[in-house]
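*Asks:* the following block contains a protein sequence and its predicted model.
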Amino acid sequence: MKSHLDLSIVVPVYNEEENIAPLYTEITDALANLGLSYEIIVVNDGSQDSTMARLREVQERDRRVVVIDFRRNFGQTAALSAGFDHSNGEVIITLDGDLQNDPRDIPLLLDKIKDYDIVNGWRKNRQDKALSRKLPSKIANKLISWVTGVKLNDYGCTLKAYRKDVIKTIKLYGEMHRFIPAIASAMGITYCEVPTHHRARRFGKTKYGISRTIRVILDLMTVKFLLSYNTRPIQLFGAIGIMSGFTGFLICLYMTFLKLAGQSIGSRPLLLLGVLMIILSAFFIVLGLLGEVLIRLYYEVQGKPVYYIKEVHRSEI
């Protein structure tokens, strides 16, 4: 049986053996004078060093520490998702296990979460030395804000605060953890962003690099589709199909006039393009209809809601 707590701290770690003890100390020091009941959930994402041994040592000293040990490395999204599933706090705060996020910022997020559903940390003065981390991050943040309409300066900051009723309704896949504010925006949530401290890495090696930029772009396409066409795929694929078919029809009509005028059209690439676009039109329309069938199966068979209620107000009789 789950117990009620005020706060859950979720920390994914991967090969962070030297950071475990100081991270635990900093978190408990930051929460010491807040008067809140809390738990610290650390998800060991298949570490290959002595991270798990260090976590067991911490857990033996403090029963508030919960350790989730993965069988192998599943990635940060899976680690955060496991932490959310096992959390009992009314407010859930996430932060990295590399000591670059400052636990002393936790009270700041807790103060803001009173008025918002999600509070996003902003590493305004980043201490990463490598340009290969800073430049792609800036570009990605601008792109994500533009595509999703959720204006944030730092999607990549793990230091965030969530209300339990918001984060518990979100299922994460792939590498979607950085898009949680954008995904949650479909629920009509309120959010804000606060500048937080950022520190240079002291121990261990970074797990991030420029290669993640491509994955971010691919995930962003998924998020945009989910936000705009999750319950109506026919409006996306059908629109593409209609435009393709109409263009193909005009091309073929033009080629017909040329044929009637006595010109040879059999070897012209434009004729093939017109026929191809008509075929593609049928393909996209069928794809949209199949998407509609799958969406209805998803929502009706699993009983998924297509709306989210904040409160229900009834008049007292």
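*Replies:* Received, thanks. Predicted model only: the values in this text are computed from it and were never measured. Residues are numbered from 1 along each chain as shown.

*Asks:* so where do the helices sit in the stretch 101-250 of the chain?
*Replies:* Under the criterion DSSP state H, counting those that start in this stretch, the stretch 101-250 of the chain contains helices at 106-112, 131-148, 164-167, 180-184, 212-229, 234-260.

*Asks:* looking at the longest one now, give me its mean pLDDT.
*Replies:* What it means is helix 234-260. The average pLDDT for helix 234-260 rounds to 92.

*Asks:* next: stretch 123-143.
*Replies:* According to the model, stretch 123-143 has a mean pLDDT of 72.

*Asks:* isn't Arg215 up against Glu175?
*Replies:* Yes. The criterion here is C-beta atoms under 8 Å, and Arg215 meets it with Glu175 at 5.7 Å. In short, each C-beta sits where N, CA and C put it, glycine included.

*Asks:* hey, where'd the strands end up in the stretch 51-200 of the chain?
*Replies:* Assigned by DSSP state E, counting those that start in this stretch, the stretch 51-200 of the chain shows strands spanning 65-69, 89-94, 118-122, 160-163, 191-195.

*Asks:* how many neighbours does the residue lying closest to Tyr38 once chain neighbours are set aside have?
*Replies:* Leaving aside its sequence neighbours, Tyr38 sits nearest to Leu7 (C-beta to C-beta, 6 or more residues apart in numbering; 4.0 Å). Leu7 has 22 neighbours, counted by other C-beta atoms under 10 Å.

*Asks:* likewise Arg202?
*Replies:* As a burial measure, Arg202 scores 11 neighbours (other C-beta under 10 Å).

*Asks:* from Gln100, how far off is it?
*Replies:* To Gln100, Arg202 is 9 Å away according to C-beta to C-beta, to the nearest Å.

*Asks:* same check on Val275?
*Replies:* From Val275 to Gln100 the distance is 56 Å (C-beta to C-beta).

*Asks:* make sure Val293 is indeed in a strand.
*Replies:* No. Val293: not assigned to a strand; according to DSSP: H, G, I helix; E, B strand; the rest coil it is helix.

*Asks:* any idea how far Asp219 is from it?
*Replies:* 25 Å.

*Asks:* more neighbours, the two?
*Replies:* Counted by other C-beta under 10 Å, Val293 and Asp219 do not tie: Asp219 has more neighbours, with 20 against 11.

*Asks:* so Leu287 makes contact with Phe237?
*Replies:* Yes. Contact between Leu287 and Phe237 holds when scored by C-beta under 8 Å: they sit 4.8 Å apart.

*Asks:* name the SS class of the residue nearest to Tyr38, please.
*Replies:* Applying three-state DSSP: Leu7 is strand.

*Asks:* neighbour count: Val275 and Gln100, which is higher?
*Replies:* Set Val275 next to Gln100 and count neighbours by other C-beta under 10 Å: Gln100 wins out with 22 against 14.

*Asks:* what residue ranges in the stretch 51-200 of the chain are flagged as low confidence?
*Replies:* 127-134 (pLDDT under 70).

*Asks:* mind doing that once more with 80?
*Replies:* 125-139, 173-175, 186, 199-200 (pLDDT under 80).

*Asks:* just to revisit the earlier point, Arg215 and Glu175: which is more packed in?
*Replies:* Using other C-beta under 10 Å as the criterion, Arg215 and Glu175 rank with Glu175 on top: 17 against 11.

*Asks:* so what's Met52 up against?
*Replies:* Met52 makes contact with Asn44, Val67, Asp69, according to C-beta atoms under 8 Å, 6 or more residues apart in numbering.

*Asks:* which ChimeraX command selects the buried ones in the residues you listed?
*Replies:* In ChimeraX, this line selects whichever of those come out buried by 16 or more other C-beta atoms under 10 Å:
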select :44,67
